[in-house]
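Q: Sequence and predicted structure below; questions after.
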Amino acid sequence: MLPRKNRLLATKDFEAINRTGSFFSFGEVFLKVKRNNSEETRIGFSIGIKFSPKAVERNRLKRQLREIFRKYIKKIEKGLDIMVSLKKGGKKEFSINELERDVLAVLKKAKLI
RNA sequence: AAGGCAAAUUGAAUAGUCGCCCCGAUGAAAAUCGGGGAGGAAAGUCCGGACACUUAUUUCCCGACAAGUCGGGAAGAAGCGUAAUGGGUAAUUCCCAUCUAGGGUGACCUACGGGGUGCGAACAGUGACGUUUUGGGGCGAGAGCGCCAAGAUAUCCUUCGGGAUAAAUUUUAUGGAAACAUAAAAAAUGAAACGGCUAAAUCCCUACGUGAGUGCAAGGUCGUGUUCUGUGUUUUUACAUAAAUACAGAAAGUGCCGCUUGACCCCGAUGGUAACAUCGGGGCUAGAUAAAUGACUAUUCUCGACAAAAUCCGGCUUAUAGAUUUGCCUUGAUA
RNA sequence: GGGCAUGUGGCGGAAUUGGUAUACGCGUAUGCUUCAGGAGCAUAUGAGAGAAAUCUCUUGAGAGUUCGAGUCUCUCCACGCCCA
């Protein structure tokens, strides 16, 4: 789990980043990025009920993504809001290695590392 | 031993590292140390309550006072609910016991199972059931027995080739004294009347119970800051206006309480056939708010199903790999 | 989290108090009309079997009540709406 200061919490922030953020994707993962006015990186995860109706699957994927970002958050450029999500209609279960590979690829593509 | 019936339990384990949520201690703070951290269904939201707010008819009784209002209690009506009998519970459509009906060799299983009249009459249906009239053939010496609705074809449709309806009957096999029963094949009929039946899972009555509605996004609270609107005051100004400030309303957002000690869990005793109740002792066991349980390493096994709290609790229903326990039944074997 | 509706041909949408399911409109197919197309007119149109008459099945799925269920009851599924 991420420390509270590194989490994206407010509904308002999610709406803003969803509307005006820059879009990057690789594999099954995509993310939207927007610069904020602070020194900290804030990360939010968006996996809705449309992705999977089972709460167990949604919670598991969010935990796995959080663990990956916990490992790499110090390398990511500071002062950004990031929203992470998965593509609908694809696979609903992933191994941690598959996810980590896709996340690293998309971060390099967005030039955040 | 095999097969089955009913009930209950469990839902991989151990050690270490990093990280998250809550509580406690220390500390000015940062932080450190210790403890706890999803389910039997957390699900569906199908019932029932607790709790909170809103609202409410008539009569009677009691109390308060500012004298027509408020608070408390009782009864009735309406509405709502239930439906074999008795019990359990905070309450229920739940649970327990018994009866009745049906199924099973049996252990057991299934069933909301009171009265009335078919929705005004008529038109409607009626597998199984009862009665009467009329007719037919079968068996039997007869009393009688049980069978069928009628005469070798019928009715309807047709593109005239055929098609639809389906029991007695006939033939064969087995059993039986016979009518007949069972199975297979062939061929093929369609009297009447009355009764009974068809409704709380659409109506009416009866009995019993019960205020109603909305739901923790209920609701409460110290507030807090932002934007907009209106009103008042002060200052400036000839006025308009601008600024400050107070009150009211609206919008979006947020802190705290509600929020976890509860119809709670475990053990024992007593009462009861049982559901359950009472008493005694011990225990504290998630409380989040973009929403906490993950990742990595090592070892072992039977290689791990369905699936994750969101005010709380009691039921029902649905999903669920596998493992375990208890009681009982049937069949067989041995003594 | 809590609460509440809906589901009928390819599409929309009817169906009296439970009594012949699919009225009506759109669409589609065929024919007529036209030099041709459109518009218009006529016929057909849930599925399966059949040359046809006709038979069987069908109201999201599965059970139940009933002589009889699109309608009443229960369970499941799908798709929606409202509440700070």
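A: Perfect, I can see it now.
Q: C-alpha from now on. contacts and neighbour counts both.
A: OK.
Q: Tell me which helix or strand A:Pro53 sits in.
A: Remark: A:Pro53 resides in no helix or strand, with elements defined by DSSP states H and E.
Q: again with A:Asp81
A: Going by DSSP H and E, A:Asp81 is part of strand A:80-86.
Q: Sheet partners, orientation included, of that strand?
A: Neighbouring strands of strand A:80-86 in its sheet, by DSSP bridges, are strand A:29-35 (antiparallel), strand A:42-46 (parallel).
Q: what's in contact with the shortest one?
A: Applying C-alpha atoms under 8 Å, 6 or more residues apart in numbering, the set of residues contacting strand A:42-46 from outside is A:5-9, A:14, A:62, A:79-86.
Q: Could you list the low-pLDDT ranges of chain A?
A: Low-confidence segments of chain A (pLDDT under 70): A:1, A:37-38, A:89-92, A:113.
Q: quick one: the closest residue to A:Leu65 other than its chain neighbours from RNA strand B, how far?
A: Distances taken as C-alpha to C-alpha, 6 or more residues apart in numbering put A:Leu99 closest to A:Leu65, at 7.4 Å, once the chain neighbours are dropped. A:Leu99 is 10 Å from RNA strand B, where distance means C-alpha to the nearest atom of the strand, to the nearest Å.
Q: three-state assignment of A:Leu99?
A: helix (DSSP: H, G, I helix; E, B strand; the rest coil).
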